[in-house]
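[1] Sequence first, predicted model second:
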Amino acid sequence: MTAPVTAAETGRTQRASGIPVAPVAGPDPHAGMARRVGTATRLAALFAVVLAAVLAGSLIALLHTTNAGVEQIVVRQLDAELASFEQAAGGRSPGESLQQFATSYLHSHAVADGDLVEIAQPGSWAVANAGGSTVANDPGIEAVARSVPSRTTLRSRRIGGRQLEVLTAPITSAGRTEGLFLAAVDTTALGPAGDTAERVAVLVGAVALIAGVASAYLVLRRLLRRIGRIADAADRIGRDQNRDRLGDQGTTDEVGHLARSFDAMLDRIESAVQAQHELLSDVSHQLRTPLTVARGHIELLGRAGGHDPDVTETVGTAVGELDRMALLIDRLLILGRAREPVRADVRDVDLRAFLGDLVRAGAVLADRHWVLGPVPDRVVHVDETEVRGALLNLVENSVHATGTADTIRVSAAYDGGFVSLVVEDSGPGIPADQRSRVLDRFARRATTKGSGLGLAIVSAVCDAHGGSVTISDSPLGGASVIMRIRSQTPAPDSSEPSP
């Protein structure tokens with residue numbers, strides 16, 4: 001068995017090699033915000049798509065209705081011209097020719113300036129109102145007036161930079177086609193008004209879309225930020241195991257109801273856990289006394305039995321089982337205290353001195369090759385009693401898993417407010433598929449002895465210190481158990497005056 005390594009040797013060892021420390025992923029403060037902003041953005045984008053589709057459909061329907069209304073006005077005006085002519089033609093004298101009637105009709109019939117009313121017999125003659133002569137001489141209108149249509153038709157024409165709606169209809173008398181009636185209305189002035197209406201509609205739709213999406217985004221972001229604050233507080237409560245609560249959110253909506261329900265649930269969980277711890281401690285305390293009394297009586301019976309080998313064997317077996325039960329009760333008490341939310345023995349601990357004493361205690365416990373690995377020259381603030389008890393459990397497990405020729409090494413590392421305490425050995429190790437199960441209470445490997453509470457105590461101590469326990473393969477060939485615990489901030493000394 002080798003002597004423990006000195007502090008000077010520890011410093012050299014630490015500089016020469018590092019300690020395998022399992023990284024523990026802490027909460028990313030920006031990840032939650034990114035998720036919340038992303039959620040608000042996605043919901044706002046979905047709302048924008050839906051709102052844009054609704055507005056686009058509404059604008060298209062509005063513009064279509066507006067254009068249809070304008071067309072109906074033009075059509076009614078052209079139909080009125082045709083009806084006026086047909087009514088006048090119904091009173092034409094029997095001996096009056098169509099050309100004579102057309103001339104007198106257009107002379108007495110008022111037509112808006114720029115509009116055209118033409119009565120013609122294609123290939124023979126054509127009569128138009130005075131203000132529509134320019135339109136009548138346009139090649140496009142002349143092309144329309146070259147033939148008599150079989151029925152009334154309406155078409156659009158672009159003539160001289162003006163937009164015209166042209167109606168043509170056959171003139172019949174006694175079942176015989178006599179000529180052509182043509183009316184043209186200038187709709188150029190309606191174009192700018194329609195364009196203006198379209199621009200206004202698009203502008204109003206864009207403003208409505210921007211306002212709707214912006215307001216939805218702000219409401220969603222405010223709501224999700226409140227939910228995010230609740231999630232962060234819940235994560236902090238669960239991670240640090242403190243008694244904080246979300247508190248009153250100042251609202252009576254679903255978010256406020258969620259916070260109140262969550263606080264009530266935490267209260268019930270805390271009460272149940274506290275009752276469980278108290279029951280565990282009470283039962284353990286109550287069992288100690290009858291076990292001590294039973295052990296005393298059994299030893300008395302053994303002494304009264306003299307040298308009877310059967311009595312001696314029975315007494316030895318009973319005393320051994322009572323001792324094992326007493327050890328189990330002690331470990332249950334340790335496990336119960338480790339899960340208490342308030343640490344009772346938090347103090348400044350010199351890592352090198354602390355682990356040096358632990359290695360020396362291990363050397364007395366069993367004949368192994370004990371090594372004090374690299375340890376930083378640091379003082380940490382932890383519950384010394386609980387951490388020492390957890391490390392002794394790890395040391396005891398390594399002793400049970402190794403022989404006299406094996407090595408057990410204890411080391412430490414410090415990183416970002418966390419101290420990693422490592423116990424590793426050159427034994428058979430722990431299979432990967434059993435590493436998570438051995439951390440449960442009363443779970444142990446079939447090839448080892450013990451109560452099955454050692455690693456459960458280690459896990460409880462790590463949880464109580466805001467850390468974790470990791471089991472991996474050791475460079476020595478066996479198992480490596482890493483206790484990663486948070487170094488707590490020392491409480492201010494009330495005896496010192498405040499600055």
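    That came through fine.

[2] would you say residue 154 is within a strand?
    Yes - with DSSP: H, G, I helix; E, B strand; the rest coil as the criterion, residue 154 is part of a strand.

[3] Can you classify the spatially closest residue to it that is not a sequence neighbour by secondary structure?
    Among residues not flanking residue 154 along the chain, residue 167 sits closest, at 5.2 Å (C-beta to C-beta, 6 or more residues apart in numbering). Just so you know, the C-beta spots here come from the backbone N, C-alpha and C atoms, and that holds for glycine as well. The three-state label given to residue 167 by three-state DSSP is strand.

[4] and residue 167, what pLDDT?
    Model confidence at residue 167, expressed as pLDDT, equals 89.

[5] likewise residue 1?
    pLDDT, the model's per-residue confidence, is 37 for residue 1.

[6] Could you do residue 143 as well?
    For residue 143, the model assigns a pLDDT of 82.

[7] Near it, how many other residues are there?
    Counted by other C-beta atoms under 10 Å, the residues lying close to residue 143 total 10.

[8] Work out for me the element it sits within.
    Taking DSSP states H and E as the definition, one finds residue 143 inside helix 139-144.

[9] what ranges do the strands span in the stretch 251-400 of the chain?
    For the stretch 251-400 of the chain, the strands defined by DSSP state E, counting those that start in this stretch occupy 346-350, 369-372, 379-383.

[10] got TSV for these, with mean pLDDT too?
    Shown next, in TSV, are those (pLDDT from 0 to 100):
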stretch	mean pLDDT
strand 346-350	86
strand 369-372	92
strand 379-383	88
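
[11] out of the ones you listed, nearest to residue 117?
    strand 379-383 (104.3 Å; C-beta to C-beta).

[12] how about the closest one as PDB, C-alpha atoms only?
    What follows is the C-alpha trace of strand 379-383 in PDB, where atoms were taken according to Å, rounded to 0.1, in the frame of the first residue of the first chain:
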ATOM      1  CA  VAL A 379     -11.700  26.700  -0.900                       C
ATOM      2  CA  VAL A 380     -15.300  25.800  -1.700                       C
ATOM      3  CA  HIS A 381     -18.500  26.400   0.300                       C
ATOM      4  CA  VAL A 382     -20.500  23.200   0.700                       C
ATOM      5  CA  ASP A 383     -22.100  21.000   3.300                       C
END
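
[13] list the buried ones in that strand?
    380-383 (16 or more other C-beta atoms under 10 Å).

[14] on that earlier part again, buried sites along the helix holding residue 143?
    Along helix 139-144, these residues count as buried under the neighbour rule (16+ other C-beta under 10 Å): 141, 144.

[15] next one: stretch 194-211
    With burial defined by 16+ other C-beta under 10 Å, the residues of stretch 194-211 counted as buried are 201, 205, 208-209.

[16] what's in contact with the helix holding residue 143?
    The set of residues external to helix 139-144 that reach it, using C-beta atoms under 8 Å, 6 or more residues apart in numbering, is 116, 118, 135-136, 155, 157-159, 166, 168, 182, 184.

[17] Convert the C-alpha atoms of it to CSV, please.
    Output in CSV follows, covering the C-alpha atoms of helix 139-144 (Å, rounded to 0.1, in the frame of the first residue of the first chain):
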residue,chain,number,x,y,z
PRO,A,139,-61.1,54.2,-88.7
GLY,A,140,-62.1,52.0,-85.7
ILE,A,141,-65.7,53.2,-85.6
GLU,A,142,-65.9,53.1,-89.4
ALA,A,143,-64.8,49.5,-89.3
VAL,A,144,-67.6,48.7,-86.8
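
[18] what separates that helix from the chain centre, distance-wise?
    Averaged C-alpha coordinates place helix 139-144 at 69 Å from its chain's average position (C-alpha atoms, centre = their mean, to the nearest Å).

[19] Please apply the same query to stretch 167-185.
    74 Å.

[20] same thing with stretch 468-481?
    Centroid separation for stretch 468-481 versus its chain: 35 Å, with C-alpha atoms, centre = their mean.

[21] Any buried residues in it, and which?
    Applying a neighbour-count criterion of 16+ other C-beta under 10 Å, the buried positions in stretch 468-481 are 469-472, 474, 476, 478-481.
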